[in-house]
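Engineer: I would like to see how this sequence folds:
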Amino acid sequence: MADSAQTPETVTVSILDKEYRVACSESERAGLQASARLLHERMSRIRASGTVIGIERIAVMAALNIAHELIQAKAELGRIPLQEEMLDRLKDKVQNALGEIDSPQESQP
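Structural biologist: Numbers count the residues shown, from 1 in each chain. Have a look, this model is predicted:
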């Protein structure tokens, strides 16, 4: 997590009743804390379900779930330019159609 441009500081985060010390820059601190909260919440939910036993397995399941969500989010973002391109083409078609409608009326006496 350490950013070479800033002096790292040690931040303590708590995940499933365990504390972890992580070096990070001041600019990364809020992101690190938010990430730790998310991981704690996910791991707590998995532990409470009772379907996964053992901290390591719970951590792996939480990591897999978060990674899956990240991959889905990236895939969605990848589709946005295509949707914007399609909207632009549709807009052009509508404008052309409207132009064709206006043109015959303008040429009539």
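Engineer: how far away is residue 18 from residue 60?
Structural biologist: Residue 18 is 16 Å from residue 60, where distance means CB to CB, to the nearest Å. (Glycine included, C-beta is placed from N, CA and C.)
Engineer: So between the two, which is more surrounded?
Structural biologist: Set residue 18 next to residue 60 and count neighbours by other CB atoms under 10 Å: residue 60 wins out with 13 against 9.
Engineer: how close does the more buried one sit to residue 94?
Structural biologist: Plainly put, residue 60 is 51 Å away from residue 94 if you go by CB to CB.
Engineer: taking the mean pLDDT, what do you get for the longest helix seen in the chain?
Structural biologist: Ordering each helix of the chain by length in residues (DSSP state H) puts helix 55-107 first. For helix 55-107, mean pLDDT is 83.
Engineer: which other helices and strands contact it?
Structural biologist: helix 26-49 (3 or more CB pairs under 8 Å, 6 or more residues apart in numbering; DSSP states H and E).
Engineer: how does it look with 10 Å?
Structural biologist: Packing partners of helix 55-107 (3 or more CB pairs under 10 Å, 6 or more residues apart in numbering; DSSP states H and E): strand 9-15, helix 26-49.
Engineer: Just the residues contacting the longest one, thanks.
Structural biologist: Under the contact criterion CB atoms under 10 Å, 6 or more residues apart in numbering, helix 26-49 has outside partners 1-3, 5-9, 11-18, 20, 22-25, 52-55, 57-63, 65-66, 69.
Engineer: how does it look with 6 Å?
Structural biologist: By CB atoms under 6 Å, 6 or more residues apart in numbering, the residues outside helix 26-49 that reach it are 1, 11, 13, 15, 16, 24, 52, 58, 61, 62.
Engineer: Relative to residue 93, how far out is residue 51?
Structural biologist: Where residue 93 is concerned, residue 51 sits at a distance of 52 Å (CB to CB).
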